[in-house]
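K.L.:
kindly return the folded structure for what I paste below:
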Amino acid sequence: MFVIANHYFVWTAPYPVASSPEALQLVFATSDLGMTLFFTLSGFVITYNYFDFGWDRTPIRSFWRFAFLRFSRLYPALLVFIALLAIARISSDKPNDGLALWTAIHLLSAQTWAPFKWDGALPIDSAFHVSWSISTEFMLYFMFAIVAVLSQRLLRLEIRGSRAILLSFAGVYAFVGVSLCVSPRLLTIVTSWIGAPLEDLNPGEWKRWFTYLSPYSRVLEFSLGCFAAYLVMYRQPQLSRHRVVARTAAMIAILGICAIQALPYFPSMRGGYISDLRGLISAALFAIVMMNANDATRLNQILSLPALIFVGEISYSLYLFHALSPRYGIYLAVPFEWTLFPFHVINFVVSTFCAVIFAFGMYKLVEMPAQRALRRLIQLKVASANTKSAQLSAPHPSIPRAKAESAPTSALL
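P.N.:
Numbering: from 1, shown residues only. Okay, the predicted model is just below:
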């Protein structure tokens, strides 16, 4: 909803947005905050659901099962999204040289894994725009699975200092990531070694790719969500004993998020390290709020309202397709006036309503049916394999039972 508020404020304005007061524009500049919350919350949810997933006992099987579950949840709607936008681009008057390669990169959800740029645009500015975050999310899933396997195997082996090794690696990665975010000179040196696969990037595009689009910086926000989930799962007694402190910290964190969001109102605060680290600081504050997930706070009661749960259920399709939903309203090519603002509100509400209806249809007709069908398919294959294994393990009718039981195991299996 943060992302939609930002986009629809621009797209549903009955006047040129640039002519509106800057203070009003900053109120709806919530897209960055929404993406930070998305990646932090994603780390929390993935850890909460998949940390105990047999990574140490059956790492390969767990990895492929995890990948399939994520694929079945996200890819059906994503394929529809990519197909619709590819058809729209082909039908337009714009040149389509390289569109096949660009579409293939998006079908693999790999557009943010490397500094890809096509037709003068980064993935966030291209025809497929919002799908960049899904690409980043898939790489974060891969990182999560690899770290889960390595860390749990390392801890299970009870190697001396294994926890210190893991924490040291995390600390070094965080230090390097933060340094690249706040030091344009260091980022320029590092990116000069990488090179761009399709088109060259200027220094501003390199910074935007690494700090905003790439999973290699977003993993810091994702990890903060993972840490919050770990505390909720394995340190609940300690959190319960210090419930007042945790609740107070959450309240302070919410105020901190509001303060971070208000920084652009002060021109002197728009640059510098705090501005560069806004996302990471906001992610840390969000993680503090998420530590209270099992507490019966007023905030959790609000977040449990049926209306918000409904929006949460359709949020994936709402995010993907809100740009494609029809935007009805009154549009005038005149400068901003406060008397026109009510028309802006009407346009915004009507377009949001259309987007919610479209997303609900995608959720019911594409997302859930495709997910159930794919997961039913894999369950049938597993059941079939188990049946064949049982049949091979059973004594053959033509062999006396005593002989069958004494037969070599390799012959039965």
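K.L.:
which helix or which strand is home to R185?
P.N.:
helix 184-194 (DSSP states H and E).
K.L.:
got the contact list for whatever helix or strand comes next after that helix?
P.N.:
Following helix 184-194 in sequence order, the next helix or strand is helix 203-208 (DSSP H and E). Helix 203-208 is contacted from outside by P115, K117, L122, I124, P184, L187, T188, T191, using C-beta atoms under 8 Å, 6 or more residues apart in numbering. Every residue, glycine included, has its C-beta placed from N, CA and C.
K.L.:
quick one: buried residues of the next helix or strand after helix 203-208?
P.N.:
Once the chain leaves helix 203-208, the next helix or strand it forms, by DSSP H and E, is helix 215-234. Under the neighbour-count criterion of 16 or more other C-beta atoms under 10 Å, helix 215-234 has 215-229, 231-232 buried.
K.L.:
one more: stretch 305-314?
P.N.:
Those would be I314, for stretch 305-314 by 16+ other C-beta under 10 Å.
K.L.:
check stretch 71-91 too.
P.N.:
Buried residues in stretch 71-91 (16+ other C-beta under 10 Å): 71-78, 80-82, 85-86, 89.
K.L.:
now do stretch 182-189
P.N.:
Buried-residue list, stretch 182-189, by 16+ other C-beta under 10 Å: V182, L187.
K.L.:
name the helices or strands packed onto the longest helix seen in the chain?
P.N.:
Taking DSSP state H as the assignment, the helix of the chain that covers the most residues is helix 59-91. When contacts are defined as 3 or more C-beta pairs under 8 Å, 6 or more residues apart in numbering; DSSP states H and E, helix 59-91 packs onto helix 99-107, helix 132-156, helix 306-321, helix 368-393.
K.L.:
any residues touching stretch 81-88, and which ones?
P.N.:
With C-beta under 8 Å, 6+ apart as the criterion, stretch 81-88 contacts L99, T103, H106, L107, A127, F128, S131, L320, F321, L324.
K.L.:
could you do stretch 39-51 as well?
P.N.:
66, 133, 136-137, 140-141, 144, 148, 218, 221-226, 228-230, 232-233, 283, 286-287, 290, 293.
K.L.:
ok now that stretch, how far from the chain's centre?
P.N.:
Put simply, stretch 39-51 sits 10 Å off its chain's centre (C-alpha atoms, centre = their mean, to the nearest Å).
K.L.:
same check, this time on stretch 109-127
P.N.:
17 Å.
K.L.:
G177: neighbouring residues, count only.
P.N.:
As a burial measure, G177 scores 19 neighbours (other C-beta atoms under 10 Å).
K.L.:
okay, the angle between the helix or strand harbouring it and helix 132-156?
P.N.:
Using DSSP H and E, G177 maps to helix 162-182. Angle, helix 162-182 to helix 132-156, by axes from the mean of the first three to the mean of the last three C-alpha atoms, to 10 degrees: 150 degrees.
K.L.:
out of everything not next to it in sequence, what's closest to Y328?
P.N.:
V350 (5.2 Å; C-beta to C-beta, 6 or more residues apart in numbering).
K.L.:
check which helices and strands the host helix or strand of the one you found sits against.
P.N.:
Element membership of V350, judged by DSSP H and E, is helix 341-362. Other elements packing on helix 341-362 under the criterion 3+ C-beta pairs under 8 Å, 6+ apart are helix 2-11, helix 306-321.
K.L.:
what mean pLDDT does the shortest one have?
P.N.:
Pointing back at helix 2-11 there. Mean per-residue pLDDT for helix 2-11: 93.
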